[in-house]
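>>> Sequence and predicted structure, then a few things I'm wondering about:
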Amino acid sequence: MNSNAEYRRVRTAVFPVAGLGTRFLPATKDIPKEMMPLIDRPLIHHGVDEAVASGCTRVVFVTGQGKESICRYFEPSFELSALLRERGKGELADVVDSIYKLAEFHYAYQAKPLGLGHAVLCAEEFCRDEYFGLLLPDDVMTAEPTALAQLEAVREKYEGSVLCLEEVSPEDVSRYGIVDAEEIEPGVYRIKGLVEKPKPEEAPSRLAIMGRYLLSPKIFKHLKNLKRGAGGEYQLTDAIASLLEEEPVYATVYKGQRLDCGIKEGWIQATVVKALEDEKLRDIVLAAVAEYEASANGEKTK
Ligand code: G1P
C-alpha cells in the first residue's frame, strides 16, 4: 500500500497523434484523423477534456508531419473571438476562448512512425521526473469518474504503473496488447506478463489493454533499450514487460463505455451513441432512423 504522504496526482497527459490515419482515407488525406469531428468537436478535444477532467494541467502532443492543425486548434484565436464578440456572439467566443485555456500545451515531434513505444519516448523531456498519463485518442472513454481517474485510484493504493483493461472476445485478442495477470481485488490486477497482438491460441488471457495508461517515469529507460517488436515497430507493451523486472505494474478493468474510433464502424457507432446521449440531438437521430425504416418498409410492400 502507498505510504507516501506527499502523493502527487498525475498532472501531465501525453497524446500520441503522429499516426497517418490510413484507415480513414480519403477523409484523412489532408486533415489529421484527430481533427475529424465527433459531434461538435474534434476527436482530440474529447481526449483532452478527459485529461483535464482527470486533473491534468499539462498536455503533450507527440505530433508528426502534417499535424500542424492540431497545434493551431489549441492556440488562442484572438481575431476570431473578437469578431464573434463584435457580432454579438459572445457565447461562441467564450467557447473558442475556452479551448486554449484547457491546459498548458507542449509539443514533441516524432519524425517517423516507428510505433507507440517510440512515440512515448519522444515525450521524455516533459515527463522524465514523474508519473504521467498516456491517452490514445482513438479510444473515446465515457466514464464517471474518468478512466484515467480510475487508474489513478489504483496507483494511489498500490504505487506503480497502471494499465486500463477490457475483456475482449477471442477473435479480437490479436488487435491489442494482452496481459497475463493475477486478480488482487475485484477488477484490479497485478501484471505478470504482457504480449502485443498475440495470435488467439498464444494469448495468455482475453484481458486487453485499452488506450489509457498511467506510467512510471522509469519506463523511459526501458523504452530506450527496446528492440523492434510486433509489426516491426517499437512497442510500448514490450517496454512495460521489461519494466516489470524492475517494479510492479497493475491494471484495472475500467467501469464505463469505450467508443473505438480507430475504425470506421466504431466511429459511426460513437457518433450515434454521443448523439443519443445529447438531449438536443437524440430526437433528430431517432426520427431519422424511424423515417428511414418507414420508407424502406413502404418500398418493400410496394
Ligand atoms: C496500441 C497498443 C496496444 C493496445 C491498443 C489499444 O495498439 O500497442 O497494446 O491494446 O493500442 O487501443 P494500436 O491500436 O496502436 O495498434
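Cool, the structure landed.

>>> right, and L38 touches V140 too?
Yes: with contacts defined as Cβ atoms under 8 Å, L38 counts as touching V140 at a distance of 6.7 Å. Bear in mind the C-beta positions are built from the backbone N, C-alpha and C, glycine included.

>>> What are the buried residues along the helix ranked longest in the chain?
Ranked by residue count and defined by DSSP state H, the top helix of the chain is helix 279-301. Within helix 279-301, the residues that count as buried by 16 or more other Cβ atoms under 10 Å are L281, V285.

>>> Adjust the sequence numbering to begin at 84 for everything that follows.
Let's use 84 as the start, then, which means that last one is helix 362-384.

>>> by contact count, what packs against that helix?
helix 347-360 (3 or more Cβ pairs under 8 Å, 6 or more residues apart in numbering; DSSP states H and E).

>>> ok and the longest helix of the chain relative to helix 347-360, angle-wise?
Helix 362-384 runs at 120 degrees relative to helix 347-360, counting by axes from the mean of the first three to the mean of the last three Cα atoms, to 10 degrees.

>>> Just the mean pLDDT for stretch 193-202, thanks.
Stretch 193-202 shows a mean pLDDT of 94.

>>> next one: phi and psi at L326?
phi -60, psi -30 (degrees, to the nearest 10).

>>> Kindly provide the distance from it to G312.
14 Å (Cβ to Cβ, to the nearest Å).

>>> Who has more neighbours out of the two?
Each of L326 and G312 has its neighbours counted (other Cβ atoms under 10 Å); L326 has more, 23 against 19.

>>> Please compute how far the helix or strand hosting R155 lies from its chain's middle.
According to DSSP states H and E, R155 maps onto helix 151-156. On the basis of Cα atoms, centre = their mean, to the nearest Å, the separation between the geometric centre of helix 151-156 and that of its chain is 18 Å.

>>> cool, and stretch 136-143?
In this view, stretch 136-143 has its centroid 13 Å away from the chain centroid, taken as Cα atoms, centre = their mean.

>>> Then stretch 343-350?
That offset, for stretch 343-350, works out to 13 Å (Cα atoms, centre = their mean).

>>> any idea of the mean pLDDT in it?
The model assigns stretch 343-350 a mean pLDDT of 92.

>>> just stretch 163-178 next, same as before
Averaged over stretch 163-178, pLDDT sits at 97.

>>> next one: stretch 354-371
On average, stretch 354-371 scores 94.

>>> just to revisit the earlier point, could you point out which element follows the helix holding R155?
Per DSSP H and E, the helix or strand that comes after helix 151-156 is helix 161-169.

>>> How many neighbouring residues does the residue nearest to D343 when sequence neighbours are not counted have?
Using Cβ to Cβ, 6 or more residues apart in numbering and skipping residues adjacent in sequence, the residue nearest D343 is G349, 3.5 Å away. Counted with other Cβ under 10 Å, the neighbours of G349 add up to 16.

>>> In this structure G349 contacts L342, no?
Yes: G349 is in contact with L342 according to Cβ under 8 Å; the separation is 6.4 Å.

>>> Up against the ligand, what does the stretch 184-333 of the chain have?
By Cβ under 6 Å from any ligand atom, the residues of the stretch 184-333 of the chain that approach the ligand are 199, 219, 222, 259-260, 279, 291-294, 318-320.

>>> Identify each of the strands in this protein and give its residue range.
Applying DSSP state E to the chain gives strands spanning 95-99, 120-121, 124-125, 141-146, 187-192, 215-218, 222-225, 244-250, 260-268, 271-279, 290-298, 332-336, 340-343.

>>> Could you list every helix and strand that the first one packs against?
Just to be clear, that refers to strand 95-99. helix 126-136, strand 141-146, helix 199-205, helix 207-210, strand 215-218.

>>> Check the stretch 184-333 of the chain for the residue nearest the ligand and tell me.
Going by Cβ to the nearest ligand atom, the ligand is nearest to G260 of the stretch 184-333 of the chain, at 2.5 Å.

>>> Assess the claim that that residue and D321 are in contact.
No: G260 is beyond contact range of D321, at 9.2 Å (criterion: Cβ under 8 Å).

>>> Overlap in contacts, the two.
L277, E279 (Cβ atoms under 8 Å, 6 or more residues apart in numbering).

>>> which of L121 and V223 has more neighbours?
Using other Cβ under 10 Å as the criterion, L121 and V223 rank with V223 on top: 23 against 19.

>>> wait, what's in contact with the residue nearest to F188 when sequence neighbours are not counted?
Nearest residue to F188, sequence neighbours excluded (Cβ to Cβ, 6+ apart): F157, at 4.9 Å. Contact analysis of F157 by Cβ under 8 Å, 6+ apart lists V131, V142, F144, I182, Y183, L185, F188.
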